[in-house]
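Undergrad: give me a 3D structure for the following:
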Amino acid sequence: MRRLAATTVLAVLALAAPAAAQDAHSPNLTHVKTLPYEARNGTTPNYGTDIEFARIGERQYALAGSYRNGLQIVDITDPEQARIAAVYDCGVTQGDPQVFTRAERTYVTYTSDTYGDGTSTCYREAAALGFEVLKADGTGRNGTFVADITDPLAPRTVSFVHVEQGSHNQTVHPGGDY
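TA: Next comes the predicted model:
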């Protein structure tokens, strides 16, 4: 179990690892796979942020945040066959994910602290739900998006909480209520 966990973590961390970092060696970790992700919102390099893990149904996923390129939903059920299963299109900075469940549904929070493009899917979905997600200049407001990932292949925005200075490193209470 420890080897699977270590292999899984390494596989996910390699998502956005620079080539030089792959030259590092460890006696208890083995590089399994590198999964580059698409530059969805401009030319911002694909730097990763935080990673959360979730078992949804029979599959195991890594939810890898990025700067401006959305939440990478990576199927790591078989680490050697890991693949990006879907992307939650949310052009924000930081993108720290937090996973929680409520009433048999799985949710992820996705945070913005300095930049929001205002045009990616998460902004459009939140606006359609009635949330004020744009600043006067048309860019996106800072805060936390909440997406339903019960079907990890079709993530969808269900809420937005505006936080003026951003919500980097925000945490969801393990009960999912706060």
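Undergrad: so which strand or helix has the residue of the chain positioned farthest from its centre?
TA: Within the chain, the residue lying farthest from the chain centre (CA atoms, centre = their mean) is residue 27, at 29.0 Å. Following DSSP states H and E, there is no helix or strand that holds residue 27.
Undergrad: do the same with residue 146
TA: strand 143-148.
Undergrad: what is that strand packed up against?
TA: Counting contacts by 3 or more CB pairs under 8 Å, 6 or more residues apart in numbering; DSSP states H and E, strand 143-148 packs against strand 105-116, helix 121-128, strand 156-162. Any C-beta I mention is one placed from the backbone N, CA and C, and that applies to glycine too.
Undergrad: nearest to residue 137, out of the ones you listed?
TA: For those, proximity to residue 137 was assessed by CB to CB; strand 105-116 is nearest, at 11.1 Å.
Undergrad: please point out which parts of that closest one sit buried.
TA: By neighbour count on 16 or more other CB atoms under 10 Å, the buried set for strand 105-116 is 106-113, 115-116.
Undergrad: and what of stretch 32-40?
TA: In stretch 32-40, the ones that count as buried by 16+ other CB under 10 Å are 32-33, 35, 37, 40.
Undergrad: so what's the gap between it and the chain middle?
TA: Chain-centre distance of stretch 32-40: 13 Å, with CA atoms, centre = their mean, to the nearest Å.
Undergrad: could you number the chain from 11 rather than 1 from now on?
TA: That works, and once the first residue is 11, the last one we named lands at stretch 42-50.
Undergrad: so for stretch 132-146, what gets flagged as buried?
TA: Within stretch 132-146, the residues that qualify as buried by neighbour count (16+ other CB under 10 Å) are 132-133, 135-137, 141, 143-144.
Undergrad: which two of the buried residues of stretch 42-50 lie the greatest distance from each other?
TA: Longest span within those, CB to CB: 42 and 50, 24.5 Å.
Undergrad: tell me how many other residues crowd residue 171.
TA: For residue 171, the neighbour count with other CB atoms under 10 Å is 14.
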